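Novice: fold the following.
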Amino acid sequence: MVDIHPTAIIHPDAELADRVTVGPYSIIEAGVRIAEDTWIGPHVVLTGHTTIGRENRIYQFSSIGEAPQHQGYHGEPTKVEIGDRNIIREYCTINRGTAAHLGVTRVGDDNFIMAYTHIAHDCVLGNHIIFANGSSLAGHVDIGDYAILGGFSLVHQFCKIGQHCITAIGCTCFQDVPPYIVAAGNPAKPYGINTKGLRRRNFGEESIALLNSAYRIVYRSNLSLQDAIREVDQLNGNNPDISQFRNFLRHSERGIIR
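Specialist: So this is what the prediction gives:
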């Protein structure tokens with residue numbers, strides 16, 4: 001059974017599954033689909049072709065699925081897709097994609113998106129990510145699994161933040177941040193491997209040691225990036241974490257922070 005507060009406004013063409021709760025004064029427009037056990041707080045606006053999965057919690061004054069802040073957008077039916085068990089706190093904004101790029105903004109599962117976060121058009125978020133208050137993504141940004149963005153972190157358009165990264169408060173990323181890295185500053189600079197975070201997630205000591213070796217090659221050896229990648233190739237090629245690190249370096253389009 002759906003629990004809708006009498007002051008909420010729900011378009012008849014919106015689709016709400018069983019056990020969805022909608023709080024006072026929220027607005028859900030045509031094209032929105034919400035799966036089971038999701039809670040929508042008061043004063044939330046859901047619009048556009050927006051799909052929201054199971055067991056999400058979306059807090060007051062958030063706006064999800066609004067038109068992208070992009071001058072080339074002309075009303076095309078682009079999308080937002082949100083997975084399961086995400087927490088989206090107060091005043092968050094998630095814009096839909098653009099026809100010129102992916103056409104969809106995607107948020108994975110089990111993410112914790114704190115207050116005042118902005119996720120722009122065509123961004124792709126993995127799973128188990130944490131955004132501290134005031135973090136903002138420009139368009140076309142990719143965020144890997146288990147990344148943590150510190151409060152008021154900013155990411156420039158088309159950048160990629162690798163899995164298991166952590167950024168410090170007020171970090172500004174103009175280039176890609178490789179996986180497992182600690183980044184801080186404006187512009188962002190590398191400050192070692194996220195060792196504490198990796199241990200919390202049960203990474204083995206061998207993997208951590210190899211990642212530290214790879215970090216030293218890329219950031220402490222004074223090699224060019226291409227030469228550093230060749231040196232990283234000599235490390236344990238069967239280790240999946242080293243492979244992830246190496247592949248990220250090879251496929252970076254904006255260049256990495258250094």
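Novice: would you check that residue 95 makes contact with residue 79?
Specialist: No. Applying CB atoms under 8 Å as the test, residue 95 and residue 79 come out as separate, 10.7 Å apart. Where C-beta positions appear, they are placed from N, C-alpha and C, glycine not excepted.
Novice: which one's more surrounded, these two?
Specialist: residue 95 (26 against 17; other CB atoms under 10 Å).
Novice: quick one: pLDDT of that one?
Specialist: We have a pLDDT of 98 for residue 95.
Novice: go on, residue 169?
Specialist: If you check residue 169, the pLDDT there is 97.
Novice: and residue 147, by the same measure?
Specialist: Value listed for residue 147 in the pLDDT field: 98.
Novice: cool, residue 237 as well?
Specialist: Per-residue confidence (pLDDT) for residue 237: 67.
Novice: follow-up on the earlier one: where do the contact lists of residue 95 and residue 79 overlap?
Specialist: residue 105 (CB atoms under 8 Å, 6 or more residues apart in numbering).
Novice: right, and residue 171 touches residue 151 too?
Specialist: No. Contact between residue 171 and residue 151 fails when scored by CB under 8 Å: they sit 9.4 Å apart.
Novice: who has more neighbours, these two?
Specialist: Ranked by neighbour count (other CB under 10 Å), residue 171 and residue 151 place residue 171 first, with 25 against 18.
Novice: which residues are in contact with that one?
Specialist: Here residue 171 is in contact with 149-150, 153-154, 183-186, 188 (CB under 8 Å, 6+ apart).
Novice: what segments of the stretch 101-250 of the chain are strands?
Specialist: With DSSP state E, counting those that start in this stretch as the criterion, the stretch 101-250 of the chain has strands at 104-107, 112-113, 118-119, 124-125, 130-131, 136-137, 142-143, 148-149, 154-155, 160-161, 166-167, 172-173, 181-184, 189-193.
Novice: of all those, which one is nearest residue 5?
Specialist: Across these, residue 5 has its closest neighbour in strand 112-113 (23.1 Å, CB to CB).
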